[in-house]
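> Sequence and predicted structure below; questions after.
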Amino acid sequence: MIRFEAVSKRYGRTTYAVRDLDLEVRAGELCVLVGPSGAGKTTVLKMVNRLVEPSSGRVLLDGRDVSEVDRVELRRRTGYVIQQAGLFPHLKVADNVASVPRLLGWDRAAVRERVGDMLELVGLDPAVYAGRYPHELSGGQAQRVGVARALAGDPPVLLMDEPFGAVDPVGRDRLQQEFLRLQGQLRKTVIMVTHDIDEAVTMGDRIAVLAQGGLLQQYASPAEVLAHPATSFVAGFVGADRGLRRLAVTPVEPGDLYMPPVVRPSSTVAAAGDAAASGGTDWAVVVGDDGKLLGWVEPRQILAAGGAAGAKVGLFVRPLEARVSLGSSLRAAFAQMLQQDAGWVAVLEGDRYLGVLTPDALHAALRRSVGGEPLSVPVHK
């Protein structure tokens, strides 16, 4: 756990980079510091590992004042990732990643094994990348090496200063998702700095919004910040389109799902038609005996095209590409609707079919995320 107790950093008599900051980052949590230039985000980050000393107040790491910890030892135990990776240009990738374990006194075999493990963890084949120099890497690859190096000494705390800012948008999105996957496995205590509210919403368990002079405006979950900005500054910073941003932080839940008629591939077209009619639709979802989604059918169209009423539904199954996993964001579900030009999205848990998310259900889920009354979910033909 990291705690800032009435921390200020003053330059001169009246100019503050950070002022009276009270903030607690729980163990295993990813906290994002977000705000405009001059909001003191990087200063806050650097006070954790004593690259900057506070003018007043205390920074506590697991209950211990960091000012009482040797600077060198503190920094060796604190991973640090910066924009453009900050790799040592004269060292190969393997040596960059090995730098902290070597400083910690690990033996050669342990260091070599750790380098391989870390490169694999960030999605880089050691056989391909360990012997390369930083200038031989793409921006995204270099940033992955930077993360691997920061994690190599197994630090409990990871500090990240705009780590993906220099990467192209496609690569940036990929790196964000890759890091979230890693964080799901490792559960480090992470403080990350960004000026991009979309990145903060995507990455953070909680977001600390800072104004000029390092004044904390709000500290809450992404959904709470977007739904209920605490101040006019926060409302202006997150933007008028914050409702759309909520799509990214609202998960698909079982209660959001509509349950259309379901038939087996062994059902007849006539039986599928009856099931669809009883459900008030023109279509039915086809699910195997093992619960796996196979696709969907429109019995009326099958019959209109000359299909036999007694024919098996399995002969006419249409693939369903629009699908997401339970717990995926509403944004992911909406993207599937758009990409597949679909009126609804199938929701799965593993391989098991659970139900579908319709546009109306998506809207109701979005209202739920801000405490609005849930909407009734009409059946769409």
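Structure received. Small disclaimer: the values here were computed from a predicted structure and weren't measured. Numbers count the residues shown, from 1 in each chain.
> buried sites along stretch 54-67?
54, 57-61, 66 (16 or more other CB atoms under 10 Å). For glycine as for every other residue, the C-beta is placed from the backbone atoms N, C-alpha and C.
> and which of those is nearest W344?
Distance to W344 across the buried residues of stretch 54-67 (CB to CB) is lowest for L61, with 48.5 Å.
> after the longest helix that the chain contains, next one along is what?
Ranked by residue count, the top helix of the chain under DSSP state H comes out as helix 169-186. Once helix 169-186 ends, the next helix or strand along the chain (criterion: DSSP states H and E) is strand 189-194.
> Including secondary structure and pLDDT, could the buried residues of stretch 54-67 go into TSV?
Formatted as TSV, those follow (DSSP: H, G, I helix; E, B strand; the rest coil; pLDDT from 0 to 100):
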residue	secondary structure	pLDDT
P54	coil	94
G57	strand	95
R58	strand	95
V59	strand	96
L60	strand	95
L61	strand	93
V66	helix	94
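> Make a markdown table out of those and add distance to W106.
A markdown table is the format used below for the buried residues of stretch 54-67 (distance: CB to CB, whole Å):
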| residue | distance to W106 |
| --- | --- |
| P54 | 32 |
| G57 | 35 |
| R58 | 32 |
| V59 | 28 |
| L60 | 28 |
| L61 | 22 |
| V66 | 24 |
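> Identify each buried residue in the helix or strand bottoming out on mean pLDDT in the chain, please.
Of all helical and strand segments in the chain, the minimum by mean pLDDT, DSSP states H and E falls on helix 242-245, at a mean of 73. By neighbour count on 16+ other CB under 10 Å, the buried set for helix 242-245 is 242, 245.
> cool, stretch 102-110 as well?
For stretch 102-110, by 16+ other CB under 10 Å, it's W106.
> which residues make contact with it from outside it?
By CB atoms under 8 Å, 6 or more residues apart in numbering, the surrounding residues in contact with stretch 102-110 are 76, 101, 111, 114, 153.
> and of the buried residues of stretch 54-67, the nearest to R187?
For the buried residues of stretch 54-67, the nearest to R187 is L61 (16.4 Å; CB to CB).
> just checking, that closest one touches V48?
Yes - L61 is within contact range of V48, at 7.0 Å (criterion: CB atoms under 8 Å).
> Now list whatever residues contact both of those two.
With CB under 8 Å, 6+ apart, L61 and V48 have common neighbours 2, 157.
> any idea which helix or strand comes after the least confident helix or strand of the chain?
Downstream of helix 242-245, the next assigned helix or strand under DSSP H and E is strand 262-263.
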